[in-house]
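1. Got a predicted structure plus its sequence, pasted below:
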Amino acid sequence: MDVTGENPGREASWKKMSKEELEIQYSPSGWVVRRGAEETLRTYSQIGDEATKRAQAARGSLLHVPYGDRERERLDIYFPEDESEALPFFVFFHGGYWQSGSKDSSAFMVSPLTAQGVAVVVVSYDIAPKGTLDQMVDQVTQSIAFVQKRYPCNEGIYLCGHSAGAHLAAMMLLANWTKHGATPNLKGFFLVSGIYDLEPIMHIPENEALLMTLEDAQRNSPQRCLEVALTQPVDAACPVLVIVGQHDSPEYHRQSREFYQALRRGGWKASFEELDDLDHFEIIWNLTQKDYVLTQMILKTIFQES
Ligand SMILES: Nc1ccccc1C(=O)C[C@H](N)C(=O)O
């Protein structure tokens, strides 16, 4: 029993870490097992670049569509052969610590999903130092409202984010849609290897570009917002999959598990999946493959087979 009556060791677990240990815990490439860190990062961009080139070259896509006035407020839409507008839409937010990556290297899942009749949207947003976290959250909200307005007959909008992108997607569980003029038909969330409490990030070198204050970190932490807001899920039937790789660091595991638990307490239909023998990067680049366990999980959720 914890004598303080508080959650035993929870916040304390990272607050007791040295700066060096925090930096290690929050460096995903330091935990990979099959390649070196550098080679992993290279492979990740290579696979992303190639998948995106292939997807963009195929017919049936709308590229660089503006969802706002700023230069980075652009998205790509990839359609299945059957170009109906009554399709499920899978919207993807890339990772890269809110300071790297773009839609032009993140279209990993286009081929296996469009082959099954799902439209895929890949979104760019203003990464740091140009964009602040508040702006990124706002842009992501705007991009989803845009998809809803443009395709009002959609058969569901499914949000997926990786790493920092999982954070942005998770913030959408708490979004204020009235401000954006459309309530999206959200039918599912896939949160892959994400960060849901931003406070530890203030203490690692990545914050030099983000320049988060404690208030910024707290306001943009879905973990904290869920715990304090006590909002009911807009749709209690909407599945939220919190997914982490076996070879993600212990802090990434802790973040995913605690966010999953907060979702459950908040009444969300959340599930937690640890994917066997995968690191922070393989977990997303494998989405180029139709037989990959996560590709199959996504398709099952969209087409509701159990
Ligand atoms: N999470 C990511 C997602 C996509 C691309 C990079 C990252 C990184 O975290 C890079 C970090 N500088 C690393 O070395 O682990």
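-> Okay, I see it.

2. got the residues of the protein near the ligand?
-> Listed as neighbours of the ligand in the chain under the rule C-beta under 6 Å from any ligand atom: 27-29, 95-97, 101, 163, 280. To be clear about C-beta, it is placed using only N, CA and C from the backbone, and glycine gets the same treatment.

3. Send me stretch 211-218 as PDB with only the CA atoms.
-> Extracted as PDB, the C-alpha positions of stretch 211-218 are listed here (Å, rounded to 0.1, in the frame of the first residue of the first chain):
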ATOM      1  CA  LEU A 211      10.000  25.100 -26.400                       C
ATOM      2  CA  MET A 212       7.100  23.700 -24.300                       C
ATOM      3  CA  THR A 213       6.400  25.200 -21.000                       C
ATOM      4  CA  LEU A 214       4.800  23.100 -18.300                       C
ATOM      5  CA  GLU A 215       1.400  24.700 -19.200                       C
ATOM      6  CA  ASP A 216       1.900  23.800 -22.900                       C
ATOM      7  CA  ALA A 217       2.800  20.300 -21.900                       C
ATOM      8  CA  GLN A 218      -0.200  19.800 -19.600                       C
END
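
4. residues making contact with that stretch?
-> 128-129, 132-134, 198-199, 201-202, 220, 224 (C-beta atoms under 8 Å, 6 or more residues apart in numbering).

5. Show me what counts as buried in it.
-> Neighbour-count burial for stretch 211-218, counted by 16 or more other C-beta atoms under 10 Å, picks out 212, 216-218.

6. Stretch 131-151 too?
-> Here stretch 131-151 shows 131-133, 135-148, 150-151 as buried, counting by 16+ other C-beta under 10 Å.

7. how close does the closest residue to M172 other than its chain neighbours get to V118?
-> Among residues not flanking M172 along the chain, L159 sits closest, at 5.8 Å (C-beta to C-beta, 6 or more residues apart in numbering). L159 is 13 Å from V118, where distance means C-beta to C-beta, to the nearest Å.

8. who's more crowded, these two?
-> L159 (28 against 24; other C-beta atoms under 10 Å).

9. and that one, what element?
-> Using DSSP states H and E, L159 maps to strand 157-162.

10. count of residues packed around the nearest residue to P112 once chain neighbours are set aside?
-> In space, and not counting its chain neighbours, P112 is closest to K290: 3.9 Å by C-beta to C-beta, 6+ apart. Using other C-beta under 10 Å, K290 is surrounded by 14 other residues.

11. Give me the secondary structure label for the residue of the stretch 201-306 of the chain found nearest the ligand.
-> Relative to the ligand, the nearest point of the stretch 201-306 of the chain is H280 (6.0 Å; C-beta to the nearest ligand atom). Using DSSP: H, G, I helix; E, B strand; the rest coil, the structure places H280 in coil.

12. now it, nearest residue through space, not along the chain?
-> Per C-beta to C-beta, 6+ apart, closest to H280 is P28, 3.6 Å.
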